[in-house]
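In: sequence and computational prediction follow.
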Number of protein chains: 4
Amino acid sequence: MSARRRDSASTAAARAERRAELLATAAEVFASRGYAVTTVREVAEAAGMLGGSLYYHFDSKESMVDEILSAFLTEMWAAYDRVLASGLGSRETFQALVAESFRMIDRHRPAVMIYQNESRYLSTSPRFSYLLDSQERFRQMWLELLDRGVLDGTFRVGLDTGVIYRFLRDTVWVAAGWYRSGGRLTADEIARQYLTMILDGILST
Amino acid sequence: MSARRRDSASTAAARAERRAELLATAAEVFASRGYAVTTVREVAEAAGMLGGSLYYHFDSKESMVDEILSAFLTEMWAAYDRVLASGLGSRETFQALVAESFRMIDRHRPAVMIYQNESRYLSTSPRFSYLLDSQERFRQMWLELLDRGVLDGTFRVGLDTGVIYRFLRDTVWVAAGWYRSGGRLTADEIARQYLTMILDGILST
Amino acid sequence: MSARRRDSASTAAARAERRAELLATAAEVFASRGYAVTTVREVAEAAGMLGGSLYYHFDSKESMVDEILSAFLTEMWAAYDRVLASGLGSRETFQALVAESFRMIDRHRPAVMIYQNESRYLSTSPRFSYLLDSQERFRQMWLELLDRGVLDGTFRVGLDTGVIYRFLRDTVWVAAGWYRSGGRLTADEIARQYLTMILDGILST
Amino acid sequence: MSARRRDSASTAAARAERRAELLATAAEVFASRGYAVTTVREVAEAAGMLGGSLYYHFDSKESMVDEILSAFLTEMWAAYDRVLASGLGSRETFQALVAESFRMIDRHRPAVMIYQNESRYLSTSPRFSYLLDSQERFRQMWLELLDRGVLDGTFRVGLDTGVIYRFLRDTVWVAAGWYRSGGRLTADEIARQYLTMILDGILST
DNA sequence: TATGAATGAGTTTTCATTCAT
DNA sequence: TATGAATGAAAACTCATTCAT
């Protein structure tokens, strides 16, 4: 490899790394203040630069959230698909999906918060139609799992799976709003608590 | 009662009614599109008037949400306080609070959504410090109830009450995002499903 | 006609009049400074208001030129079509088209200048594709007329009609750059001079 | 001549050549898109470099047009002065000036277009006052020639020389907008067509 | 010589708010 | 009570220019 090639490789890599840094900063700010009310200036300041400078790296404020969300969703579905492909029973699949979700929150808390809080607003634009697609796929995944679990005797009969699905959808993700990585509880521990609660209830037996 | 007094009384009443109508419309729009991204013009249009006309009725966009939220919170705490004052056991109190919450969603869905989605943003302003107060009071209410329930053997030992509290807080209110009054399920029926799930878990026994 | 209907009619008319005034002002400024380098603020100032106020009347800077140009082109083609439909001989048609053009300059000088100077830039946007359409139609009109005139013996044989067409196209319209309505020469007088020059040449005979 | 001197000489020459290349590129882009709306980045890209790199060669975007235009005007006036100094009759002078103009278009089409399209905008800055000077000199040159020609019986009496001057000024240069070097017609052939048209008119005789 | 990252002034646009009618 | 025109502050975005490497 010539020096030239190593150079161009390293600058391309440096550039990608800088982008990633900036996106992480942007995600943090969007998550904590809300996408719509966050100004580009605020993101830039958090990154230690002036407002206009961000436009050297990104086309628009919109393209920043876009990149944040699509990267997150890609990774999320890869994780879910791995679980779904592993042939587990309905209870174990359930547990694995919830655990995966908490791991996503652990690793991509800002992206999860943005996904949770801003989807409604963003998905009015065609550019973000993939958010609706993802939601629909999510819905089908859980409904199928719940139906299967009821049929095979894992889950309680008489529950409204539509209600339970909505319950799960919201419940798991809103935890991103308060979970802090490195806090008292690990993501796996929280997943365990949630699973106990959901699977067995909170009543003493 | 003189004609004059009846007139001014009916005018004052008509005025209050008009305000209430406009607030209901505003709440609907704020809830469905998000407070920050909703323009005053959109609210006005939904009410069949022009942007400037709203300022005859209200001081500002902010005072509209303010009125919406404080009216809602007042009613909500009145309901909660009634439950808390009735001397029920921890399980029954739990059930009653959850049921009350779903009734709030049923009757004040837009206000609940606004409370849920916009509190973080609004409470950065001193004017809305009461939102933080309400949250803190909510937190204490549930933590005390959970602690009491664990002590008297109603709730499972070994659960992290901090986690459970957050779980309950989020879980109940997010239902406002999908619940439709007059839909397939009544508020009480949904409360029953939620309670089964939370108290007994979803596993078949 | 009720008072209400007359009112709404008069306000609609007042509004249309205001728009027309503002468009005339904008056209003046765009014409004298160039569309691209004119700021919305400059247009607003020329109209005695602040920058943002223009957006009460117009969607965007672009929509202002759009309206200016399309109104002008509509009127221009109406005038040309009247000439073309009147069954004149080729020499008289030629004279009438040139005279019409100078009348357009007389009445819509700013619009003509914008059309002349900014078409190249504007027509890169799909919104202004009608500028290209108009140019193409203009080209066909003149080429047909020149060809007919050569065939019927009106025009000199041996001229390159492509060159003459371009010559006419540019020559007539650039006069908008210097012609001032109410100056020493009337539009008809200038048209006469141009026609003498073009038809008979400037050499003494 | 030492190696050192030859090196620095060839370096200086190479540098001048690079500048000339870059200016030619810049002129092309400015001409085709318009100076004001062309970004430095676009010029740089057309020259195969990045935006900032141009600033090694030039002080500013403005200094680029400045150099392009002043070089062009210098050459143009040298050519005109040669004609004017050669003691030709008014008709021959007329023909020679028009022919020279088309040769300028042939050899410096981008510069001519910039001169034609951007003078109004540029000449608002003191730096480009020479554009106004040139225009004034141009005007005097033609008016004197026309007056002389009318006096000596070459040109038709009764024409408004002010109108004819403007006509000539615009007519000749706008050809830069469509002329392509190496196309169907040579510059001299186009000059011949223009001259026939202007001198003898387009009517058959 | 050229790059790439950043600057900062300026531009278009949005929108809560005001106010005369 | 409501309208409609305007205000003005703030937002997203653009781009000529700088400068360390």
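Out: Looks like it arrived, so ask away. Residues are numbered from 1 along each chain as shown, chains lettered A, B, ... in the order given.

In: who touches stretch A:135-155?
Out: Stretch A:135-155 has contacts (CB atoms under 8 Å, 6 or more residues apart in numbering or on different chains) with A:77, A:80, A:84, A:89-91, A:93-94, A:97, A:119, A:156-157, A:159, A:161-162, A:164-165, A:168-169, B:202-204. Every residue, glycine included, has its C-beta placed from N, CA and C.

In: do stretch A:178-194 as well
Out: Counting by CB under 8 Å, 6+ apart, A:98-99, A:101-103, A:105-107, A:109, A:171-172, A:175, B:159-160, B:163-164, B:166-167 sit against stretch A:178-194.

In: could you identify the buried members of those?
Out: A:98-99, A:101-103, A:105-106, A:109, A:171-172, A:175, B:159-160, B:163-164, B:166-167 (16 or more other CB atoms under 10 Å in any protein chain shown).

In: which of the contacts of stretch A:178-194 fall in helices?
Out: Counted as lying in helices by DSSP state H, out of the contacts of stretch A:178-194, are A:98-99, A:101-103, A:105-107, A:109, A:171-172, B:163-164, B:166-167.

In: for the residues you listed, point out the one with the lowest pLDDT.
Out: Among the ones in helices among the contacts of stretch A:178-194, residue A:171 carries the weakest pLDDT, at 83.

In: without its sequence neighbours, what residue ends up closest to residue A:97?
Out: Take residue A:97 and drop its neighbours on the chain: the residue closest to it by CB to CB, 6 or more residues apart in numbering or on different chains is residue A:83, 5.7 Å away.

In: residue A:57 reaches residue A:17, doesn't it?
Out: No - the criterion here is CB atoms under 8 Å, and residue A:57 misses it with residue A:17 at 11.5 Å.

In: neighbour count winner among these two?
Out: With neighbours defined as other CB atoms under 10 Å in any protein chain shown, residue A:57 and residue A:17 compare such that residue A:57 has more, 17 against 10.

In: in stretch A:177-188, what counts as buried?
Out: In stretch A:177-188, counting by 16+ other CB under 10 Å, buried: A:177-179, A:187.

In: coming back round to it: didn't the residue nearest to residue A:97 look like it was pressed against residue A:98?
Out: No - with contact defined as CB under 8 Å, residue A:83 does not count as touching residue A:98 (10.1 Å).

In: for the ones in helices among the contacts of stretch A:178-194, which one is nearest chain C?
Out: Nearest to chain C out of the ones in helices among the contacts of stretch A:178-194 is residue A:109 (CB to the nearest CB; 38.7 Å).

In: so who does residue A:66 touch?
Out: A:127-128.

In: if you average pLDDT over whatever helix or strand it lives in, what comes out?
Out: Assigned by DSSP states H and E, residue A:66 belongs to helix A:61-84. Averaging pLDDT along helix A:61-84 yields 98.

In: is DNA strand F contacted by that helix?
Out: Yes - Helix A:61-84 comes into contact with DNA strand F (CB under 7 Å from any atom of the strand), by way of A:61-62.

In: can you dump the C-alpha coordinates of that helix into CSV?
Out: The C-alpha coordinates for helix A:61-84 follow below in CSV (Å, rounded to 0.1, in the frame of the first residue of the first chain):
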residue,chain,number,x,y,z
LYS,A,61,-30.8,19.4,10.2
GLU,A,62,-33.2,16.8,8.7
SER,A,63,-30.5,14.7,7.2
MET,A,64,-28.9,14.5,10.7
VAL,A,65,-31.9,12.9,12.3
ASP,A,66,-32.4,10.8,9.2
GLU,A,67,-28.9,9.4,9.6
ILE,A,68,-29.3,8.9,13.3
LEU,A,69,-32.6,7.1,13.0
SER,A,70,-31.9,4.9,10.0
ALA,A,71,-28.6,3.8,11.5
PHE,A,72,-30.4,2.9,14.7
LEU,A,73,-33.3,1.1,13.0
THR,A,74,-30.9,-0.9,10.9
GLU,A,75,-29.1,-2.1,13.9
MET,A,76,-32.3,-2.7,15.9
TRP,A,77,-33.8,-4.9,13.2
ALA,A,78,-30.5,-6.8,12.8
ALA,A,79,-30.7,-7.7,16.5
TYR,A,80,-34.4,-8.6,16.4
ASP,A,81,-33.9,-10.7,13.2
ARG,A,82,-31.1,-12.6,14.9
VAL,A,83,-33.5,-13.5,17.7
LEU,A,84,-36.4,-14.4,15.4
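
In: number of nearby residues for residue A:27?
Out: 26.

In: excluding chain neighbours, give the residue nearest to it in space.
Out: Leaving aside its chain neighbours, residue A:27 sits nearest to residue A:110 (3.7 Å; criterion: CB to CB, 6+ apart).

In: tell me who's in contact with that neighbour.
Out: Contact partners of residue A:110, counting by CB under 8 Å, 6+ apart, are A:24, A:27-28, A:30-32, A:68.

In: so where's chain A uncertain?
Out: Across chain A, residues meeting the criterion (pLDDT under 70) sit at A:1-10.

In: OK, contacts around residue A:36?
Out: A:118, A:121, B:34, B:36-37.

In: sorry, wrong one. I was asking about residue A:69.
Out: Shown in contact with residue A:69 (CB under 8 Å, 6+ apart): A:111, A:114-115, A:122, A:128, A:131.

In: so which of those is the most crowded?
Out: residue A:111 (27 neighbours).

In: how about the host helix or strand of that residue and DNA strand E, touching?
Out: For residue A:111, the element it lies in under DSSP H and E is helix A:90-122. No - if you take CB under 7 Å from any atom of the strand as the test, helix A:90-122 misses DNA strand E, and the best it gets is 11.7 Å.

In: from the chain's centroid, how far away is that helix?
Out: Its chain's C-alpha centre and that of helix A:90-122 lie 4 Å apart, by CA atoms, centre = their mean, to the nearest Å.

In: okay, the angle between it and helix B:90-122?
Out: Here the directions of helix A:90-122 and helix B:90-122 differ by 40 degrees (axes from the mean of the first three to the mean of the last three CA atoms, to 10 degrees).

In: could you list the buried residues of the helix or strand just after helix A:90-122?
Out: Next along the chain after helix A:90-122, taking DSSP H and E as the criterion, comes helix A:129-151. By 16+ other CB under 10 Å, the buried positions in helix A:129-151 come out as A:131, A:134, A:138, A:141-142, A:145-146, A:149-150.

In: what of stretch A:46-60?
Out: A:47, A:49, A:54, A:57-58.

In: what does stretch A:18-31 give?
Out: A:22-23, A:25-31.

In: residue numbers of chain A in contact with chain B?
Out: A:33-34, A:36-37, A:91, A:117, A:120-121, A:153-157, A:159-160, A:163-164, A:166-167, A:170-171, A:174-175, A:177-178, A:185, A:190, A:193-194, A:196-205 (CB under 8 Å from any CB of the partner chain).

In: need the residue closest to the centroid of chain A.
Out: residue A:112 (3.5 Å; CA atoms, centre = their mean).

In: tell me which residues touch residue A:37, please.
Out: By CB under 8 Å, 6+ apart, the neighbours of residue A:37 are B:36, B:121.

In: over to it. Which of the three states is it?
Out: coil (DSSP: H, G, I helix; E, B strand; the rest coil).

In: quick one: it and residue B:120, what's the gap?
Out: Distance, residue A:37 to residue B:120, by CB to CB, to the nearest Å: 10 Å.

In: what about the nearest residue to residue A:117 once chain neighbours are set aside, neighbour count?
Out: In this structure, residue A:117 finds its nearest non-sequential neighbour in residue A:34, 6.6 Å apart by CB to CB, 6+ apart. For residue A:34, the count of nearby residues is 22 (other CB under 10 Å).

In: again with residue A:161
Out: 17.

In: measure the residue nearest to it when sequence neighbours are not counted to DNA strand F for me?
Out: Distances taken as CB to CB, 6+ apart place residue A:146 nearest to residue A:161, at 4.3 Å, with adjacent residues excluded. Distance of residue A:146 to DNA strand F, given as CB to the nearest atom of the strand, to the nearest Å: 40 Å.
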